[in-house]
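1. need a 3D model of the sequence below.
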Amino acid sequence: MNPLIMGRPPGGGATSTGRPMGDASVCSTVSSVTEVAASAVAELEAAVAREMEPALPFLTDELVGHFVDKIPELAIEDEDIRELLVASAHSNLATAVDIFAHGIPVDQVEVPAAAAHYVRRMAQRDVPVESLLRAYRLGGALFLQWWLHAVGQHNPASDVLLAATKHTASVETAYIDQISETLVEIYDDERKLWAQRAAATRAVQVRTVLLDEDLDATTAEALTGYRMHGTHLGAVAWLAAPDSGREVEATAQLLAETTGQQPLAVLADDRTLWAWISGPRAAEVDAAVLDTELRRRGSSVRLALGTPATGLAGFRASHHEALGAQRVSTIRGDDNPGVTAFADVAMSAFLARDLPAARRWVGGVLGGLALDDEPMAELRRTVLLFLQAGSSLTEAAVALHLHKNTVRYRLRKADDVRGRPITERRQDVETALLACQQLGTSVLIRTAL
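-> Down below sits the predicted model:
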């Protein structure tokens, strides 16, 4: 049975404390009571605190049992964690007793070391901070019951009992409020640090899988905890500026929502996320749907997608394709779509590996059409849509919202500017025009100022 319920320990006097009255530090903790009752309350609290000290181990066990019974998240089957919970509970009880025994102002009390360490471990295990705060509320209520029962055992005068009750409740509330606020800060800081450490470790593991071609699929799976068998679609999400709000990390959830599969995601740096969507079959990813959703959310994140590929080699290949699509998007500039699929920019991705050479090739294929000015941009767009429409004047006119004669006139002008018919080396012309559209000024011939 709880020794405090059984009564005072032998020799416990009604109000005797053996401590000098009027000590400034004691009085500072009972400032909420009347001056007449202050000394009596301080004496009573010091006596109760001395009586409670020998019972702290028992009270700690009772408190921990109460926590585990009422808060399932704290019932962790790990002896080290349980011992840390016991140490945390004991340190908080001891601190509370010391406050009353020595008249310590609450605003001078720091979080007990064991309590702070327990909160950090819980943050690492992703135990909700609400569960920890609830433990403090439950603990405070239980402590108050024990304390007031022990106070009642002294049979104090009614005015002293009332003053002591008010003061005890005030101190207990202030203590829990102050400790809880600090613990939330400790919890949040640890969550950030733990996430950074975990993310950094995962990023190193993924980089090893990408770079070490001697690794087999089994070793790669052991490193990443991710199955390498099956089909993989690589994705790269990024921002132009550092992502203080971790907006780029939310892209992983967007991919999960649109594909129904949880991706493997790692931060490559503070503004870039690498992700893979994997499964027995190729993931169905609609770039247009993703683009629409990013814009609906007002997100400044850009996303590049590879093409589905199988096995460990596919894991690497699809990632490199996504990086290629990212490069095209970055070169093209800020007015590009939010999502760039490698399948749509494959030729430009290859050309982007050597931009000076690409510029020379585009200039050789297009001649004057490769000039970087608005009239040539209009002609390039007309010719590209005409070729993509299977050389149909009618379809090109509809796509351009122009009369067929206007389209015919532009095509003739394009022939003149190029110096030969646009149908000559048709595939090269279409590829070069796509490169101009997708890589922008980086492959165009700059006009003199």
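2. next up, the contacts around residue 202.
-> Contact partners of residue 202, counting by CB atoms under 8 Å, 6 or more residues apart in numbering, are 224, 266. Heads up, the C-betas are built off the backbone N, CA and C, glycines and all.
3. buried set for the helix or strand harbouring residue 316?
-> Secondary structure assignment for residue 316, by DSSP states H and E: helix 311-332. Neighbour counts over helix 311-332 (16 or more other CB atoms under 10 Å) mark 312, 314-319, 321-332 as buried.
4. same deal with stretch 191-207?
-> 191, 194-195, 199, 202, 205-206.
5. could you give the mean pLDDT of it?
-> Model confidence over stretch 191-207, given as mean pLDDT, is 84.
6. number the chain from 54, please
-> Yep, numbering from 54; the last one is stretch 244-260 now.
7. from residue 286, how far off is residue 117?
-> Residue 117 is 48 Å from residue 286, where distance means CB to CB, to the nearest Å.
8. these two - which one has more neighbours?
-> residue 286 (28 against 20; other CB atoms under 10 Å).
9. residue 264: neighbour count?
-> By other CB under 10 Å, 9 other residues sit near residue 264.
10. same deal with residue 120?
-> Residue 120 has 23 nearby residues by other CB under 10 Å.
11. contact partners for it?
-> Residue 120 touches 127, 138, 142, 188, 191-192, counting by CB under 8 Å, 6+ apart.
12. 6 Å instead, please
-> 127, 188 (CB atoms under 6 Å, 6 or more residues apart in numbering).
13. ok, residue 475 next?
-> 436, 467-468, 482.
14. what do you get for residue 301?
-> 290, 292, 326, 354.
15. surely the last one is in contact with residue 291?
-> No. Shown here, residue 354 and residue 291 do not form a contact pair, counting by CB atoms under 6 Å, at 7.2 Å.
16. give me the residues contacting stretch 344-359.
-> So stretch 344-359 is contacted by 287-292, 301, 304, 371, 374-375, 378-379, 382, 390-395 (CB under 6 Å, 6+ apart).
17. got the CA positions of stretch 171-178 in CSV?
-> Taking Å, rounded to 0.1, in the frame of the first residue of the first chain, the C-alpha atoms of stretch 171-178 are listed here in CSV:
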residue,chain,number,x,y,z
TYR,A,171,13.5,10.4,-22.2
VAL,A,172,11.8,12.9,-24.3
ARG,A,173,14.6,12.8,-26.9
ARG,A,174,14.3,9.0,-27.1
MET,A,175,10.6,9.2,-27.5
ALA,A,176,11.1,11.7,-30.3
GLN,A,177,13.4,9.3,-32.0
ARG,A,178,10.8,6.6,-31.8
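18. among the contacts of stretch 344-359, which are in strands?
-> 287-291, 392-394 (DSSP state E).
19. skipping adjacent residues, who's closest to residue 344 in space?
-> residue 392 (4.1 Å; CB to CB, 6 or more residues apart in numbering).
20. quick one: low-confidence parts of the stretch 154-303 of the chain?
-> Across the stretch 154-303 of the chain, the ranges flagged by pLDDT under 70 are 294-298.
21. about what we covered before: from the contacts of residue 301, pick the one nearest residue 276.
-> Of all these, residue 326 has the smallest distance to residue 276: 18.8 Å, by CB to CB.
22. helix, strand or coil: sort out the closest one for me.
-> At residue 326 the chain is in strand, as set by DSSP: H, G, I helix; E, B strand; the rest coil.
23. you'd agree it is up against residue 288?
-> No. Using CB under 6 Å, residue 326 is not in contact with residue 288; the gap is 8.1 Å.
24. run the angle between the longest helix seen in the chain and helix 364-385 for me.
-> The longest helix of the chain (DSSP state H) is helix 211-264. For helix 211-264 against helix 364-385, the angle by axes from the mean of the first three to the mean of the last three CA atoms, to 10 degrees is 100 degrees.
25. just the angle between the helix or strand following helix 211-264 and helix 364-385, please?
-> As assigned by DSSP H and E, the chain's next helix or strand after helix 211-264 is helix 270-277. Angle of helix 270-277 versus helix 364-385, following the same axes, to 10 degrees, is 60 degrees.
26. and the contacts of helix 270-277?
-> 258-259, 262, 280-281, 365.
27. buried set for that helix?
-> Quick answer for helix 270-277 (16+ other CB under 10 Å): 273-274, 276-277.
28. can these go into CSV with extra columns for distance to residue 419?
-> Output for the buried residues of helix 270-277, formatted as CSV (distance: CB to CB, whole Å):
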residue, distance to residue 419
273, 44
274, 48
276, 47
277, 45
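29. quick revisit: which two among the contacts of residue 301 are spaced furthest apart?
-> Longest distance between any two of these is 9.4 Å, between 292 and 326; criterion CB to CB.
30. name the residue in these two with the higher neighbour count.
-> residue 326 (27 against 18).
31. got a list of what the more buried one touches?
-> 290, 301, 304, 318, 320.
32. just the buried ones from those?
-> In the contacts of residue 326, the ones that pass as buried (16+ other CB under 10 Å) are 290, 301, 304, 318, 320.
33. just flag the most distant two among the residues you listed.
-> Longest span within the buried ones among the contacts of residue 326, CB to CB: 304 and 320, 10.9 Å.
34. if we can go back for a sec, take the buried ones among the contacts of residue 326 and keep only those in helices.
-> Of the buried ones among the contacts of residue 326, the ones assigned to helices by DSSP H are residue 304.
35. look up phi and psi at residue 331.
-> phi -130, psi 160 (degrees, to the nearest 10).
36. that one: how many residues sit nearby?
-> 24.
37. was I right about it contacting residue 286?
-> No. Here residue 331 does not reach residue 286: they are 7.5 Å apart, not a contact under CB under 6 Å.
38. overlap of the contact sets of those two?
-> With CB under 6 Å, 6+ apart applied, the contact sets of residue 331 and residue 286 do not overlap.
39. any idea how far residue 147 is from the residue nearest to residue 148 when sequence neighbours are not counted?
-> Residue nearest to residue 148 in three dimensions, not counting chain neighbours: residue 165, with 5.6 Å by CB to CB, 6+ apart. Between residue 165 and residue 147 the distance is 8 Å, computed by CB to CB.
40. then residue 153?
-> 11 Å.
41. those two: which is more packed in?
-> Neighbour count, other CB under 10 Å: between residue 153 and residue 147, residue 153 has more, with 27 against 18.
42. contacts for stretch 426-434, please.
-> In contact with stretch 426-434 (CB under 6 Å, 6+ apart) are residues 422, 463, 467, 486, 489, 500.
43. again, only using 10 Å
-> Identification of contacts with stretch 426-434 by CB atoms under 10 Å, 6 or more residues apart in numbering yields 419, 421-424, 452-453, 463-464, 466-467, 469-471, 475, 482, 485-487, 489-490, 497-500.
44. any quick ChimeraX command for the buried ones out of those residues?
-> With 16+ other CB under 10 Å as the criterion, this ChimeraX line picks the buried residues out of the contacts of stretch 426-434:
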select :419,422,423,424,452,453,463,464,466,467,470,471,475,482,485,486,487,489,490,497,498
